[in-house]
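[1] Return a 3D structure for these sequence lines:
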Amino acid sequence: MYYSSKRRGEDGIAAIIDFLLSNARLVLGVGGAAVLGIATLAVKKLIERAGRPPDDEKPDKKMTDSWEELGLVSASPKLLRKGIEGVVMKQITAATKKADLSQPPPPQKSEAEANPRRKRTDLCVLTFAERLQQYYRTRVCLSADEVSRAKQRALDIATEIHAFLRSKHADMPLGEMTLGGSLLDDLQVVKADHACLLVPLQLEPSLWTPIAGEDTFLGHPQYCMLRRENLEYFPRGRSYWDRHLLGGYLSSRLVAEQLGKSIMESMNWPSLSGTLECEVRPVLGSSALKLEIRGLSERNLNEEEQLFISVLPTVRLGQMTLTAQPEITGSFDYVWYQSLYTSETARLASLDQSGGGSEVRRKCLKTLKAVCRNCPALHKLTGAQLSSVILHMSEKESDWSESAFADRFQQAITEMIGYLEMGVLPSYFKPAVNLLQGFTEDNIDEMGFMLYCAVSEPEILLI
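    Numbers count the residues shown, from 1 in each chain. Below you'll find the model as predicted:
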């Protein structure tokens, strides 16, 4: 027979193969029989090679035949190949292993040669805690030069605005303007690209009374009002700010409009841009008072740095700090927004100092802010929500050492998932305020899914 020269036992295999081929035309048709024949031929050739002595063929010839046989299988029609390819590939694998047994084993490398490669591999494998520390150093923290340039530009703009308002509106009772926000509190991450210019309004305490948000008809704890008092004894006109009264209350919209016309429209920004060596222009089409500054980076002259400055009219009466922010309060012209940022920042700093000065709470907050800023699914989570999460955690968690940084970070993710599931995240200083109130169900589902995936694979947040 065809396999008469082969070893004992192969006559039976040949007979079975010939029988299958002879009857395949009846079962599969001409095309199917051809495909089965090609596949069977590949298997038979491999079986032949498995029984040959090691030196029977040249290595190059063996490699060529193997790829030719694989090519025969790959050239088959898709529908037939799905059923045949699995069987053929199993047979090829088995035959290849059998052929490998006839080859002499490769020489073993000494332990000294293997150790350097193992050491290099070990250096590439980092724990999550190490990767988190690396992410904080390289992706979260800002360089001192970048922060210094941004502060200086913001300070230059503040000086120009202060001088202009003093000359244009000499009778307007304003306090000393100051810069504020995360840039000044070392809580800004990724880029030094925004700051706040606080424009304090000086109100007479005897003529103005702040009304807490809970006591207004709106019932929102952070939507406060400023009521004019003693009109019967001190009629309108005694206070400079009486010109902005609306129904007996100081209108945040009217105050913001006056400052907007003065700062955004009256100041000669093109001329000042040449003096300040950077391009300064108002941001149009927004209810917020905002300036955009563009300047070349000192580190890379081909790179442009961008900085936004929000101008915030501010009132401080007693323990309350109120700001005119129409982009938040909306159509309520006489409503002032009570900012809790200063209180939250001071509380975080105080807790870190009392815990030995490790600043892990602030470090965890900055890392979470960077993650949310870099991840589109979490982009809507801001410092307001994340600060409250960290402060709530501080009430029940005592270990805020440097070694617990990764644990606290992962715990914050779990806590955030719980708040998203309930749809409620109470503000730390005003529990009646739900910090998730402005989110839609789709927003919450998207954020919750991303954070849920990060519970088992937290590294996905560090990409």
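[2] Any stretches of the chain with poor pLDDT?
    Judged by pLDDT under 70, the chain has its weakly predicted residues at 1-124, 297-302.
[3] What segments of it are helices?
    Along the chain, the stretches classed as helices by DSSP state H are 10-51, 59-74, 78-101, 111-124, 128-135, 144-168, 252-260, 269-276, 326-329, 341-354, 360-374, 383-396, 405-422, 441-456.
[4] Extract the C-alpha set from stretch 384-392 and format it as CSV.
    Listed next in CSV are the C-alpha coordinates belonging to stretch 384-392 (Å, rounded to 0.1, in the frame of the first residue of the first chain):
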residue,chain,number,x,y,z
ALA,A,384,-17.1,70.4,45.5
GLN,A,385,-18.2,66.7,45.5
LEU,A,386,-14.8,65.2,46.1
SER,A,387,-14.0,67.5,49.1
SER,A,388,-17.1,66.5,50.8
VAL,A,389,-16.4,62.8,50.2
ILE,A,390,-12.9,63.2,51.8
LEU,A,391,-14.3,65.1,54.7
HIS,A,392,-17.1,62.6,55.3
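[5] May I see the buried residues of that stretch?
    The neighbour-count check on stretch 384-392 (16 or more other CB atoms under 10 Å) flags 385-392 as buried. (Glycine included, C-beta is placed from N, CA and C.)
[6] So what touches that stretch?
    340-341, 344-345, 347-348, 351, 361, 364-365, 368-369, 372, 412, 415-416, 419, 425-428, 435-436 (CB atoms under 8 Å, 6 or more residues apart in numbering).
[7] go with 6 Å
    Outside of stretch 384-392, the residues within contact range by CB atoms under 6 Å, 6 or more residues apart in numbering are 344, 361, 365, 368, 412, 415-416, 425, 427-428, 435.
[8] chain center to it: distance?
    Relative to its parent chain, stretch 384-392 has a centroid offset of 17 Å by CA atoms, centre = their mean, to the nearest Å.
[9] Then stretch 197-212?
    Taking CA atoms, centre = their mean, one finds the center of stretch 197-212 at 38 Å from the center of the full chain.
[10] For Val147, which non-adjacent residue is spatially closest?
    Ala192 (5.2 Å; CB to CB, 6 or more residues apart in numbering).
[11] likewise Thr342?
    Sequence neighbours aside, Thr321 is the residue nearest to Thr342 in space, at 6.1 Å (criterion: CB to CB, 6+ apart).
[12] Also Ala256?
    In space, and not counting its chain neighbours, Ala256 is closest to Ala324: 4.6 Å by CB to CB, 6+ apart.
[13] Would you check that that neighbour makes contact with Pro313?
    Yes. If you go by CB atoms under 6 Å, Ala324 and Pro313 touch, sitting 4.2 Å apart.
[14] joint contacts of those two?
    255-256.
[15] Determine the longest strand present in the chain.
    Counting by DSSP state E, the longest strand found in the chain is strand 304-317.
[16] now that strand against helix 252-260, angle please.
    Interaxial angle, strand 304-317 versus helix 252-260 (axes from the mean of the first three to the mean of the last three CA atoms, to 10 degrees): 130 degrees.
[17] How about exporting strand 304-317 as PDB, limited to the C-alpha atoms?
    In PDB, the C-alpha atoms belonging to strand 304-317 read as follows (Å, rounded to 0.1, in the frame of the first residue of the first chain):
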ATOM      1  CA  GLU A 304       1.000  78.300  24.500                       C
ATOM      2  CA  GLU A 305      -0.200  78.600  28.100                       C
ATOM      3  CA  GLN A 306      -3.800  79.400  28.800                       C
ATOM      4  CA  LEU A 307      -5.200  80.900  32.000                       C
ATOM      5  CA  PHE A 308      -8.800  81.800  32.800                       C
ATOM      6  CA  ILE A 309      -9.600  84.300  35.600                       C
ATOM      7  CA  SER A 310     -13.100  84.500  37.000                       C
ATOM      8  CA  VAL A 311     -14.000  87.800  38.500                       C
ATOM      9  CA  LEU A 312     -16.300  87.300  41.500                       C
ATOM     10  CA  PRO A 313     -18.100  90.200  43.300                       C
ATOM     11  CA  THR A 314     -18.000  89.100  46.900                       C
ATOM     12  CA  VAL A 315     -19.800  90.000  50.100                       C
ATOM     13  CA  ARG A 316     -18.600  89.000  53.600                       C
ATOM     14  CA  LEU A 317     -21.100  89.600  56.400                       C
END
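[18] chain center to it, what's the gap?
    Here the centre of strand 304-317 is set off from its chain's centre by 24 Å, with CA atoms, centre = their mean.
[19] If we go by neighbour counts, what in that strand is buried?
    Neighbour-count burial for strand 304-317, counted by 16+ other CB under 10 Å, picks out 305, 307, 309-316.
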